[in-house]
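Chemist: I'll drop the sequence and a predicted model, then ask my questions.
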Amino acid sequence: MLKLYFWQVLFTPTIPHCSMATLIGLAIRVRLLRTLPPRFKVLVEIAPGTHQSEKAVNKQLADKERVAAALENQNLLNVVNQCLSIKNASYGSEV
């Protein structure tokens, strides 16, 4: 019997009206989907009270069909891949 595991990630956009919130959430979701085994269910959401369009963005990020359609868009996929290609050296280490 295969056990299913659940990951919930809450992120805080830089400002309450951040226009990149959906892209940031999509990039987080894609990174997790590419990294974790298929038995993991992933939920990426904006932290409560941190964005003006929190409910709308969370609805988009939770909709599997919308995420799949977004990733079929080659231009958007290129932007997501570019977001994910930032070198790890810039996180928590001296540059």
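Modeler: Yes, it's here.

Chemist: which residue ranges form the helices in this structure?
Modeler: 21-35, 54-62, 64-72, 74-84 (DSSP state H).

Chemist: Number of residues surrounding the closest residue to Lys41 other than its chain neighbours?
Modeler: In space, and not counting its chain neighbours, Lys41 is closest to Phe6: 4.9 Å by C-beta to C-beta, 6 or more residues apart in numbering. (Glycine included, C-beta is placed from N, CA and C.) Per other C-beta atoms under 10 Å, the neighbour tally for Phe6 reads 8.

Chemist: Can you give me every residue that contacts Phe6?
Modeler: 40-41, 43 (C-beta atoms under 8 Å, 6 or more residues apart in numbering).

Chemist: Check Val57 too.
Modeler: When contacts are counted by C-beta under 8 Å, 6+ apart, Val57 touches 21-22, 25, 46, 51.

Chemist: Report pLDDT for it.
Modeler: pLDDT recorded at Val57 is 95.

Chemist: and if you look at Cys83?
Modeler: Per the predicted model, pLDDT is 89 at Cys83.

Chemist: thinking it is in contact with Ala27, fair?
Modeler: Yes. Between Cys83 and Ala27 there is a contact at 4.2 Å, judged by C-beta atoms under 8 Å.

Chemist: Settle it for me: which of these two has more neighbours?
Modeler: Comparing Cys83 with Ala27 by other C-beta under 10 Å, the one with more neighbours is Ala27, at 20 against 16.

Chemist: For that one, give its distance to Ile46.
Modeler: 13 Å (C-beta to C-beta, to the nearest Å).

Chemist: next one: Pro38
Modeler: To Ile46, Pro38 is 25 Å away according to C-beta to C-beta.

Chemist: Low-confidence stretches in the protein?
Modeler: Low-confidence segments of the chain, defined by pLDDT under 70: 1-2, 86-95.

Chemist: again, only using 90
Modeler: Residues of the chain meeting the criterion pLDDT under 90: 1-4, 38, 83, 85-95.

Chemist: What is the neighbour count of Asp63?
Modeler: Neighbour tally, Asp63, other C-beta under 10 Å: 12.

Chemist: Gly25 now?
Modeler: Neighbours of Gly25 using other C-beta under 10 Å come to 23.
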